[in-house]
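A.B. asks: the amino acid sequence is not available; the structure is as follows:
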């Protein structure tokens with residue numbers, strides 16, 4: 001394994017993330033939280049009756065990558081497919097309040113916005129708990145008219161883009177035509193791109209960088225990955241298959257591994273093992289940090305180390321969370 005030499009100090013690099021023009025395309029998800037206060041047991045069935053006390057919509061899926069890019073200082077354009085409903089309004093409101101250009105969120109009246117609604121129950125003397133989750137999305141493919149509109153939109157915004165994120169949760173936003181246009185443009189114009197695909201990573205031949213967690217990588221190569229050398233070998237295998245510049249593998253409490261096309265491998269330990277509350281969305285924070293850093297001309301290994309710090313902040317927050325540039329500076333310190 002070829003290791004990198006000592007990396008440069010990270011703290012001075014963070015200001016370079018600011019104002020980088022990032023395009024994020026993918027499956028936009030509304031994470032809906034409904035807070036209920038326990039009232040009684042229903043007489044109709046042995047279930048709790050809750051009095052709704054509040055409702056909150058948080059940007060999830062690709063929208064969380066967008067949100068993190070914005071809070072870290074990027075100038076972000078969001079592209080995706082949503083319904084004509086209050087969940088879409090909620091996502092748009094969250095992102096617009098963060099300064100995101102949401103003109104690329106195409107509304108389709110024939111389909112709902114992808115949503116994951118969590119019902120939270122609690123009372124004065126009880127801890128609030130999630131008791132059920134309701135998922136809603138259309139499994140119909142994107143219409144040809146909508147795809148054509150998305151491709152036209154991309155033609156208009158790509159010339160003003162410094163970096164591209166493809167956030168694929170398997171819901172069909174990134175069609176073959178959309179994927180081909182984005183990867184081809186990034187290669188032709190030498191701008192960084194990264195894909196985070198939960199189920200279909202083999203589709204993304206020609207992409208710049210790949211982000212996978214260890215379970216996703218194991219599924220991609222079709223075997224168990226019991227230790228670090230197995231991760232290195234699998235990362236190299238996927239890199240060569242896709243013709244990528246790098247593969248970044250997140251490993252939870254074991255940190256992350258970056259495999260690059262020059263043969264180098266960077267094994268990056270976690271920055272802080274304390275107070276891990278929730279890993280939801282930490283991968284999105286990782287991807288957002290990496291693309292901003294690459295777009296700023298920061299070396300891939302340093303980009304990965306910055307993302308490791310950012311992810312470490314995200315997991316210490318409850319729910320799908322964002323990280324600010326100031327929080328990242330504080331965490332990095334003199335590193």
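C.D. replies: Yep, it's here. Computed from a predicted model, the values in this text were never measured in an experiment.
A.B. asks: farthest out from the centre of the protein, which residue is that? Tell me.
C.D. replies: Ranked by distance from the centre of the chain (Cα atoms, centre = their mean), the top residue is residue 43, with 43.1 Å.
A.B. asks: need the three-state assignment for that one.
C.D. replies: When classified by DSSP: H, G, I helix; E, B strand; the rest coil, residue 43 comes out as coil.
A.B. asks: measure it to residue 108 for me?
C.D. replies: 41 Å (Cβ to Cβ, to the nearest Å). Quick note: C-beta positions are derived from backbone N, CA and C, even for glycine.
A.B. asks: can you check residue 85 too?
C.D. replies: 10 Å.
A.B. asks: counting neighbours, go ahead and name the busier of these two.
C.D. replies: Set residue 85 next to residue 108 and count neighbours by other Cβ atoms under 10 Å: residue 108 wins out with 19 against 16.
A.B. asks: what's across from that one in the sheet?
C.D. replies: With DSSP bridges as the criterion, residue 108 is bridged to residue 83.
A.B. asks: enumerate every residue touching it.
C.D. replies: 81-84, 143, 146 (Cβ atoms under 8 Å, 6 or more residues apart in numbering).
A.B. asks: give me the buried entries from these.
C.D. replies: The neighbour count (16 or more other Cβ atoms under 10 Å) marks 81-83, 146 as buried among these.
A.B. asks: nearest to residue 261 among these?
C.D. replies: Using Cβ to Cβ, residue 81 comes nearest to residue 261 of the buried ones among the contacts of residue 108, at 32.7 Å.
A.B. asks: and the helix or strand that contains that closest one, what does it pack onto?
C.D. replies: Element membership for residue 81, per DSSP states H and E: strand 75-83. In terms of contacts (3 or more Cβ pairs under 8 Å, 6 or more residues apart in numbering; DSSP states H and E), strand 75-83 is packed against strand 21-26, strand 28-41, helix 62-71, helix 86-97, strand 101-108, helix 144-157.
A.B. asks: local confidence estimate at residue 26?
C.D. replies: For residue 26, the pLDDT comes out at 98.
A.B. asks: residue 335 now?
C.D. replies: 56.
A.B. asks: now swap in residue 52 and tell me
C.D. replies: For residue 52, pLDDT reads 94.
A.B. asks: regarding it, what is its secondary structure?
C.D. replies: strand.
A.B. asks: what's across from it in the sheet?
C.D. replies: Under DSSP bridges, the beta-bridge partners of residue 52 are residue 36.
A.B. asks: list the contacts for it?
C.D. replies: Per Cβ under 8 Å, 6+ apart, neighbours of residue 52: 34-36.
A.B. asks: comparing the helices and strands packed on strand 75-83, which comes out most buried?
C.D. replies: Ranked by mean neighbour count, the helices and strands packed on strand 75-83 are led by helix 62-71 with a mean of 30 (mean count of other Cβ atoms under 10 Å).
A.B. asks: which stretches of the stretch 1-150 of the chain have low pLDDT?
C.D. replies: For the stretch 1-150 of the chain, applying pLDDT under 70 flags the ranges 1-8.
A.B. asks: before we move on, back to that, and the residue farthest from the centre of the chain, backbone torsions?
C.D. replies: Residue 43 has phi and psi values of phi -80, psi -10 when expressed as degrees, to the nearest 10.
A.B. asks: what's the answer for residue 270, then?
C.D. replies: Phi and psi for residue 270, reported as degrees, to the nearest 10, are phi -60, psi 150.
A.B. asks: helix/strand/coil for residue 293?
C.D. replies: helix.
A.B. asks: any idea which helix or strand carries the closest residue in space to it that isn't next to it in sequence?
C.D. replies: In this structure, residue 293 finds its nearest non-sequential neighbour in residue 303, 3.5 Å apart by Cβ to Cβ, 6 or more residues apart in numbering. Residue 303 belongs to helix 300-314 when assigned by DSSP H and E.
A.B. asks: element containing residue 317, please.
C.D. replies: For residue 317, there is no host helix or strand (DSSP H and E).
A.B. asks: count of neighbours near it?
C.D. replies: Neighbour tally, residue 317, other Cβ under 10 Å: 18.
A.B. asks: give me the pLDDT value at it.
C.D. replies: The model's pLDDT for residue 317 equals 74.
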